[in-house]
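Novice: Quick one, fold the following:
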Amino acid sequence: MKKIEAIIRLSRFERVRDALAAIGVNFFTLTEVKGFGLQKGEKLMYRGSVYDSDYIARLRLDIFCNTEKVDEIIDAIVSAGRTGEVGDGKIVVMDIDHIVRIRTYEVGSEAI
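Specialist: Residues are numbered from 1 along each chain as shown. Okay, here's the model as predicted:
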């Protein structure tokens, strides 16, 4: 079992969500995150004035899946989330030793 963490642009969320749904990924956790990167912050517009922001706003998706599904999920995220510009994000894949569904006490693959 694997956990996939993907940091993506806010503007690409709907595309990524739809691409994941098309391959059968119907559940993930979504978190708004802020960070620093090669972009060195973003310019924000408020009431006609431009402000420099010290952070980059992004979304983090956490997806639990079986090992066989990892490459398909990564391909879906990359194809839907890529703009070709600096700041498109990152994907990290981690091993999961144990997972339990709280409601039913199912463990392992059944808990996903």
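Novice: Can you name the element that comes right after the helix or strand of the chain with the lowest mean pLDDT?
Specialist: Here the helix or strand of the chain ranked lowest by mean pLDDT, DSSP states H and E is strand 49-52, holding a mean of 58. Once the chain leaves strand 49-52, the next helix or strand it forms, by DSSP states H and E, is strand 56-65.
Novice: what residues are up against residue 74?
Specialist: With contact taken as Cβ atoms under 8 Å, 6 or more residues apart in numbering, residue 74 is in contact with 4, 91, 93. C-beta: built from backbone N, CA, C; applies to glycine.
Novice: ok but it is inside a helix, no?
Specialist: Yes: the assignment for residue 74, made by DSSP: H, G, I helix; E, B strand; the rest coil, places it in a helix.
Novice: that older thread, now, which of the contacts of residue 74 sits nearest residue 30?
Specialist: Of all the contacts of residue 74, residue 30 sits closest to residue 4, with 13.0 Å by Cβ to Cβ.
Novice: Would you check that the closest one makes contact with residue 96?
Specialist: No: between residue 4 and residue 96 there is no contact under Cβ atoms under 8 Å: 10.2 Å.
Novice: and for those two, which residues touch both?
Specialist: By Cβ under 8 Å, 6+ apart, residue 4 and residue 96 have these common neighbours: residue 64.
Novice: ok, these two, which is more surrounded?
Specialist: For residue 4 versus residue 96, neighbours defined as other Cβ atoms under 10 Å are more numerous around residue 4 (20 against 15).
Novice: Verify the stated contact: residue 6 with residue 90.
Specialist: Yes: if you go by Cβ under 8 Å, residue 6 and residue 90 touch, sitting 7.4 Å apart.
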